[in-house]
Structure formats: structure tokens, C-alpha cells
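Novice: got a predicted structure here, sequence first:
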Amino acid sequence: MIPSVHVDAVHRVFDDGQHNAFTDLTVFGGRCYLCFRSCPEGHMLFTTSRIRILVSDDGVSGWTQVFEFQVPRRDVRDPHLLVFDGKLFVYSGAWLVPDDDRPRDLNDHLGFAAWTEDGTTWLGPRMLEGTYGHYIWRAAAHAGTAYLCGRRRRDFAPPPAGGEDRRLLESVLLASDNGLTWRTAGLFTEDHGNETAFQFDETGTVWALARGDEAMAARICRSAAPYTQWERVPLGRNIGGPMLARWGSRWLVAGRRMEDAGNPRTVLCLLEDDELHEVAEVPSGGDTSYPGFVPLDANRGLLSYYSSHEGSRRSVAPCHIYVAEIRIG
């Protein structure tokens, strides 16, 4: 039986008039940390973008900024948090923004990280070795190894003249022993690679939710170590900016509902027997999604996300950051 999920409260935690988007949430040193991208111009690629990191004692109030960073000539976006090796890392993909009218190229992509050991003193941003040509995304850790999702073009081929061929895009599992230097460990998807959220279960098996695209539905991908043999199951729908999290004994999925482009919403689903069951919706609209999640216990949790439904209702400023208190009924 699929339980109900209730949204008990929603808090608008950051609103400075800019386009604020692409969140993640974690706990480090007993405090909640929230990261997101902030840009005056909007959703697309701008060198004025920056990554902000906020902290709160309870995850719903008193949020204060502890660090921010930019990368010259690059658009930083999609930051994700990882507690690893006694440190809190913030990872960001970074598109090169050409000085002329050349189109953006995935092969120019590069990952960056900032990190702290005490939550107060931060280092970085530092370029991540082994990520050139990779659009890095979510992060996780298991058994002393850090992992990232990286999207890349197969064999780093030049961009096709007629536009990106999504059949050539791979979604890669990258691994690191120190959180800064990376190697390829496996392939979530060998084609139509896209944003992929992933977690490790108690056996060391990796579970991944791959977003898909217009020609390919989202997929659940699974593999046991050494992550060379994969099971991939289509879900029959897409989830934009997907999140996959363990909540007690259940798998929680959140992201943008893609079926009705004219009515975008950030929704919550439970994954049961390789099927998505939509169980709740948070107040949202316009430009929205890219959640983060922190479980408070087996029945309560905090969900971060962004939305422009109280702002521009489009992919330009203003756009706000929210934290929702959610509960399994």
C-alpha cells in the first residue's frame, strides 16, 4: 500500500530579487546546509551566476549565508552537497561562456568544488581533475569513495553540425578517493544521458534515477560493485531536475512534472516495484524543481526546491528558494 505524504508547511527562505534556483540540502556538524545558484539574468548561461551556501540550526528558519563563489568566464549551476572524508563539499558544473556567438559545447564543461572542515572556513573554488568535458551533477559517497554523476558526449566527439545528438550522450558514474580528482567507474546510461540522481543501498548497490528526454522516458538504473553490469528499467514518464533519496525504508523521488509543459509543478513520488507513485505537490509553478532532501526521521523530512510562481512565473528573475516540511501519513 502506498502511504500518503503531507506538506505541513512551506517556508520561503531566500528572496533577493534575483533568479535563485537549483537547490540541494544536507546536514553537517549538526546544522542544515542549503546551496543554490543565484543570477540576476535568469535560468540560462551567464558569467554573473554564483553559488551560494546558507546554514540554519533547524533547517526552516534563521538561514544565513556562509560562503559564495563564482568562476571567471563560466556559468556555475546545479550545485550539490556531499559530506565526505570529514568535510562538506559543494560541487558545481560550469559551462564555458564564449566571448563570441559560438554555441556552447559540452566538451568545454568543467567541474569545480568548494569545501570546509568546520562549516565556517571555506576553500575553493578548485577545478576538479578528471571532469573536463563532463557536466557534473549529483554526488554521493559509499565505503570511503566519493561519487559524482557526469554527463558527457561519447568519446568526447565534436558537436554534430545539426545540433546535439542525444543518442551519443552518456551519463557517467565518476569516482574519487579525495573528492577532488576523479575517474570513470561506470555508466548509468549509455545513451540519452541526462541529469541522474543516485544513492547507494546497504549492500553497496547503486540506485540511479536518470531523467531522460523527449525521446526517452526516465529510467531506474541499478548496479552492484564494480558497477560494470547494469539493469535499466523505463518508468514511462519524465522527472525534471530529479532527486532520489532514502526515507526510512522507502525511496523518495521529487522533481518537475513534465507531462504538462504549460502547468509545471514540483511533485513528490514514492518509488515502489520500479513504478513512480505521485503522492504530493508543493506550491510551485513557472520555473521550478531541482529539490534537495534531509530526512529528520522515518516519517518527517525537509525538502528544498526553487520556484518562480510567486515571482516572474518564468525562467527570469525574481525566483525564490523554499524549504517544505513534509511527512509520511
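Specialist: Arrived safely.
Novice: wait, Ile326 sits on Leu268?
Specialist: Yes. Contact criterion CB atoms under 8 Å: Ile326 and Leu268 qualify, at 7.0 Å. To be clear about C-beta, it is placed using only N, CA and C from the backbone, and glycine gets the same treatment.
Novice: avg pLDDT for the helix or strand that Leu270 is a member of?
Specialist: Using DSSP states H and E, Leu270 maps to strand 266-272. Taken as a whole, strand 266-272 has a mean pLDDT of 98.
Novice: show me what that strand packs onto, helices and strands only.
Specialist: strand 250-257, strand 275-281, strand 288-295, strand 300-307 (3 or more CB pairs under 8 Å, 6 or more residues apart in numbering; DSSP states H and E).
Novice: so which residues make contact with it?
Specialist: Strand 266-272 is contacted by residues 2-3, 5, 209, 220, 239, 244, 250-257, 276-282, 284, 288-289, 291, 303, 305, 307, 326 when judged by CB atoms under 8 Å, 6 or more residues apart in numbering.
Novice: direction included, what does that strand pair up with?
Specialist: strand 250-257 (antiparallel), strand 275-281 (antiparallel) (DSSP bridges).
Novice: okay, the ones you listed, which one's buried deepest?
Specialist: Neighbour counts (mean count of other CB atoms under 10 Å) averaged over each of these peak at strand 250-257, with a mean of 23.
Novice: the helices and strands packed on strand 266-272: which one's closest to Tyr135?
Specialist: Tyr135 lies closest to strand 288-295 among the helices and strands packed on strand 266-272, at 14.2 Å (CB to CB).
Novice: got the CA positions of stretch 6-16 in PDB?
Specialist: In PDB, the C-alpha atoms belonging to stretch 6-16 read as follows (Å, rounded to 0.1, in the frame of the first residue of the first chain):
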ATOM      1  CA  HIS A   6       1.600  15.600   3.600                       C
ATOM      2  CA  VAL A   7       3.100  19.000   3.100                       C
ATOM      3  CA  ASP A   8       2.800  20.500   6.600                       C
ATOM      4  CA  ALA A   9       4.500  23.900   6.000                       C
ATOM      5  CA  VAL A  10       6.400  25.800   3.300                       C
ATOM      6  CA  HIS A  11       9.000  28.500   4.100                       C
ATOM      7  CA  ARG A  12      10.400  31.000   1.600                       C
ATOM      8  CA  VAL A  13      13.900  31.100   2.800                       C
ATOM      9  CA  PHE A  14      15.700  33.200   0.200                       C
ATOM     10  CA  ASP A  15      14.400  36.100  -1.900                       C
ATOM     11  CA  ASP A  16      16.700  38.800  -3.100                       C
END
